[in-house]
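Participant: return a 3D structure for these sequence lines:
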Amino acid sequence: MFVGSSFDVVILGSGAAGLTAAFTAAVSGARVGVFEKADKVGGTAAWSGGNVWVPNNPLMGAAGVADSEEESVEYIMSLSRGLLDEDLVRAFVVAGREMVTFLDAEAGTEFYVAEGFPDYHAEHPGGKAGGGRTLETPLFAFDELGEWASRVTPGPYFANLHLVQRETPIGAAVPRPPTDAEIARRRERDERGRGQSLVGRLLAACLGAGVEVFPGMRARRLVTASAPDGRVAVTGVHFESAGGEHVEVTAGSGVVLATGGFEWNEEFKRAFLRGPLTHPVSMPTCEGDGLSMAMRVGAMLGNMREAWWSPVAELPDGVNEMNRVMVNADRTRPRSIMVNRSGRRFTNEAANYNAFGGAFHQEDVAAFRYANLPCWLIFDQEYLRRYGTVGPWPPGEVAPEWMTRADSVAELAAALGIPGDALEQTVERWNGQVAEGCDPDFHRGESAHDRWWGDPHLKGAVEGTLGPLTEAPFYAVRLESGALGTKGGPKVDKHGRVVDLDGGVIGGLFAAGNVMASPFGMTYGGAGGTLAPAMVFGYLAGRHAASRPVHP
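Facilitator: Here you go, the predicted model:
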């Protein structure tokens, strides 16, 4: 089945973490094999917007933004609530700068600054309201991948793969979408943007560096041996192929876990998470395989209650292969609010998506239930006319049939089964606050992040997110507790090495991405805050695995 059953470094997972680790190790001189559970490569990274949040990155100066290692560490630690390891945060900041330089020079990533994209909590010490820390890659021609072009997972969430993030309302103050002629030109060589570009570039670099890639290979357990000091060392991996064949592969220098989180494993979610995660938007192959393997060899775990949270809407069958979509821009636009089962607003609708984990998991101690689940996005006809609605529905006069619709606020409440008087009071209060130009209840529109989203033609102004609900009919979309992935798992040191219950290194075992205990804890620094630690610790793990024997 394989060119050989032995590699210097074995990588489990082919997302951004795994491919970064693989390329780094290969350039360092190691023979590298990447093994992917799914039948296509790229992982959830290929489904993503492709942004990478790297504070103090080497491209900021040319973009006119000043930053430093100290400011970057100060910002991340200001969000930590005392739960983050500052040494690990500093390792991320230092290595992030190195990684960008390395990948641009060696892998052809061609990173550039996503102009103006603010940090998610830019008002905190060390935050950057004017952006500079979020990077993305330009279009990449998939015809350069040859037969591998069709083996990259395209993802369900972006109907048009031929856009970069800055051509959308997410990535630019006022986006300038390409012409139909330009889209046609891009299709000739299958030029793709966002996560497709990032993964395509990393995959091309790996293949060019001699990395061998094997889809359809599920890692079942780590092979171990006793180190000279009596401790466990990882020496290989036992796989099961898509056809049911069992294969053991030896790793001479190390195994890097980059298998993603456990958001599709119901047992693990019940055991570890702080609250419900019913609607993950990641690859369904993220079932906690790396977590299981790490636990079996004695890894210390960390950050197990956390995920990269996000509001998610469930869609009718056939809209996309996942029948769901993240609700990001939709809830930030004028003429919309979110309400709970009591008919009340409960949070800043324009806050970053990760922050909704805290809002969704708020307990109603009297009723013994979650106070804000279920909840709904409420908007009016003018919203529909201007912005369309969740999923692929464009602006217009007619909403999709599956959406709840009513001719009055009271009738909408009745259709949702929530108190009509409460919802009417909520809408009346909201409209009054909009007229005053502020939201004293939840401070929507006050932060740089809030004003980045919303109406793309009103970015930077409070009117970009504050707007009244006045024009019937009124609409509602139910929102659920979703996530891009979990972010708890085996703890690692500053080299990406997995540590055991006593704090010692497990020889030959590394971790990167959502499988590991995130150095960010519950926080999310800025756009690309998921991919950045995945790639940085992939870079650290790949570099260290290639330069060290199994035994520490």
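Participant: tally of neighbours for Glu401?
Facilitator: Close neighbours of Glu401, defined as other Cβ atoms under 10 Å, add up to 7. Heads up, the C-betas are built off the backbone N, CA and C, glycines and all.
Participant: a strand runs through it, doesn't it?
Facilitator: No. Counting by DSSP: H, G, I helix; E, B strand; the rest coil, one finds Glu401 to be coil, located in no strand.
Participant: can you start the count at 75 instead of 1 from here on
Facilitator: Noted, 75 is the first residue going forward, which turns the last one into Glu475.
Participant: quick one: low-confidence parts of the stretch 75-224 of the chain?
Facilitator: 75-78 (pLDDT under 70).
Participant: which parts of it are helices?
Facilitator: 90-101, 143-152, 160-180 (DSSP state H, counting those that start in this stretch).
Participant: just the chain next, same as before
Facilitator: 90-101, 143-152, 160-180, 254-262, 268-282, 340-346, 363-370, 430-434, 455-461, 483-490, 494-510, 522-526, 605-621 (DSSP state H).
Participant: could you list every helix and strand in contact with the first one?
Facilitator: Going back to what we said before, that points to helix 90-101. Here helix 90-101 touches strand 80-86, strand 106-109, helix 160-180, helix 268-282, strand 320-331, helix 605-621, going by 3 or more Cβ pairs under 8 Å, 6 or more residues apart in numbering; DSSP states H and E.
Participant: and the longest one, which residues are buried?
Facilitator: Think helix 160-180. Residues 162-171, 173-174, 176-178 are the ones in helix 160-180 that count as buried (16 or more other Cβ atoms under 10 Å).
Participant: got it, and the last one?
Facilitator: Buried residues in helix 605-621, counting neighbours by 16+ other Cβ under 10 Å, are found at 605-620.
Participant: what separation is there between the residue of the chain most remote from its centre and Leu296?
Facilitator: In the chain, Pro302 marks the outermost C-alpha relative to the chain mean, sitting 39.9 Å out by Cα atoms, centre = their mean. According to Cβ to Cβ, to the nearest Å, Pro302 and Leu296 sit 19 Å apart.
Participant: over to Leu209?
Facilitator: Leu209 is 33 Å from Leu296, by Cβ to Cβ.
Participant: check Asp404 too.
Facilitator: Taking Cβ to Cβ, one finds Asp404 at 43 Å from Leu296.
Participant: have a look at these two and say which one is more surrounded.
Facilitator: Neighbours were counted for Asp404 and for Leu296 using other Cβ under 10 Å; Leu296 has more, 26 against 23.
Participant: name whatever forms a beta bridge with the more buried one.
Facilitator: Val311 (DSSP bridges).
Participant: these two touch, right, it and Val371?
Facilitator: Yes. At 5.5 Å, Leu296 counts as touching Val371 under the criterion of Cβ atoms under 8 Å.
Participant: confidence score at Arg622?
Facilitator: pLDDT, Arg622: 71.
Participant: and it, how many neighbours?
Facilitator: Arg622: 17 neighbours (other Cβ under 10 Å).
Participant: could you do Ala440 as well?
Facilitator: Quick note: Ala440 (other Cβ under 10 Å) scores 7 neighbours.
Participant: any idea how far the closest residue to Glu322 other than its chain neighbours is from Arg370?
Facilitator: Nearest residue to Glu322, sequence neighbours excluded (Cβ to Cβ, 6 or more residues apart in numbering): His312, at 5.1 Å. His312 is 11 Å from Arg370, where distance means Cβ to Cβ.
Participant: same check on Cys360?
Facilitator: 18 Å.
Participant: any buried residues in stretch 319-332, and which?
Facilitator: Applying 16+ other Cβ under 10 Å to stretch 319-332 flags 321, 323, 325-332 as buried.
Participant: OK, contacts around His198?
Facilitator: Applying Cβ atoms under 8 Å, 6 or more residues apart in numbering, we find His198 in contact with 149, 152-153.
Participant: any weak-confidence spans in the stretch 525-626 of the chain?
Facilitator: 623-626.
Participant: do that again at 50, thanks
Facilitator: 625-626 (pLDDT under 50).
Participant: tell me which of His312 and Arg370 has more neighbours.
Facilitator: His312 (15 against 11).
Participant: my guess is the more buried one contacts Ala325. True?
Facilitator: No. If you go by Cβ under 8 Å, His312 and Ala325 don't touch, sitting 11.5 Å apart.
Participant: look up how far Val573 lies from Ala278.
Facilitator: 34 Å.
Participant: tally of neighbours for Val393?
Facilitator: When neighbours are counted by other Cβ under 10 Å, Val393 comes out with 18.
Participant: quick check: phi and psi on it?
Facilitator: With angles defined as degrees, to the nearest 10, Val393 sits at phi -70, psi -50.
Participant: separation between it and Ser142?
Facilitator: 45 Å.
Participant: quick one: low-confidence parts of the stretch 375-524 of the chain?
Facilitator: For the stretch 375-524 of the chain, no range has pLDDT under 50.
Participant: Phe594 touches Ile150, doesn't it?
Facilitator: Yes. With contacts counted by Cβ under 8 Å, Phe594 reaches Ile150, the gap being 7.0 Å.
Participant: for these two, list the residues in contact with both.
Facilitator: 158, 163.
Participant: thinking again about what came up before, so what sits against both of His312 and Arg370?
Facilitator: Going by Cβ under 8 Å, 6+ apart, residues that sit against His312 and also against Arg370 are 295-296.
Participant: of the contacts of His198, which is the most crowded?
Facilitator: Tyr149 (25 neighbours).
Participant: I figured that residue hits Glu197, correct?
Facilitator: No. Applying Cβ under 8 Å as the test, Tyr149 and Glu197 come out as separate, 10.5 Å apart.
Participant: next, count neighbours for Pro493.
Facilitator: Quick note: Pro493 (other Cβ under 10 Å) scores 17 neighbours.
Participant: quick one, what contacts it?
Facilitator: Pro493 neighbours (Cβ under 8 Å, 6+ apart): 416-417, 487.
Participant: from Leu276, how far off is the closest residue to Gly328 other than its chain neighbours?
Facilitator: Distance criterion Cβ to Cβ, 6+ apart; nearest residue to Gly328, sequence neighbours excluded, is Ala619 at 3.3 Å. To Leu276, Ala619 is 17 Å away according to Cβ to Cβ.
Participant: same deal with Arg260?
Facilitator: Arg260 is 20 Å from Leu276, by Cβ to Cβ.
Participant: can you check Met412 too?
Facilitator: 37 Å.
Participant: ok, Ser154 next?
Facilitator: From Ser154 to Leu276 the distance is 30 Å (Cβ to Cβ).
Participant: and if you look at Leu158?
Facilitator: From Leu158 to Leu276 the distance is 27 Å (Cβ to Cβ).
Participant: for these two, indicate the residue with more neighbours.
Facilitator: Higher neighbour count among Leu158 and Leu276: Leu276, with 30 against 20, using other Cβ under 10 Å.
Participant: only C-alpha atoms, please: export stretch 387-394 in CSV.
Facilitator: Provided in CSV are the C-alpha atoms of stretch 387-394 (Å, rounded to 0.1, in the frame of the first residue of the first chain):
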residue,chain,number,x,y,z
ALA,A,387,-28.9,28.0,11.8
GLU,A,388,-30.3,24.7,10.7
LEU,A,389,-31.4,24.7,7.0
PRO,A,390,-33.7,22.5,5.0
ASP,A,391,-32.4,19.4,3.3
GLY,A,392,-30.6,20.1,0.1
VAL,A,393,-29.3,23.6,0.7
ASN,A,394,-25.8,22.4,1.5
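Participant: which parts of that stretch are buried?
Facilitator: Per 16+ other Cβ under 10 Å, stretch 387-394 contains these buried residues: 387-389, 393-394.
Participant: run through who's touching it.
Facilitator: Contacts of stretch 387-394 (Cβ under 8 Å, 6+ apart): 230-231, 353, 397-399, 401, 451, 464-466, 474, 476, 551-554.
Participant: can we see that at 6 Å?
Facilitator: The contact list for stretch 387-394, computed with Cβ atoms under 6 Å, 6 or more residues apart in numbering, reads 230, 397-399, 401, 464-465, 476, 551, 553.
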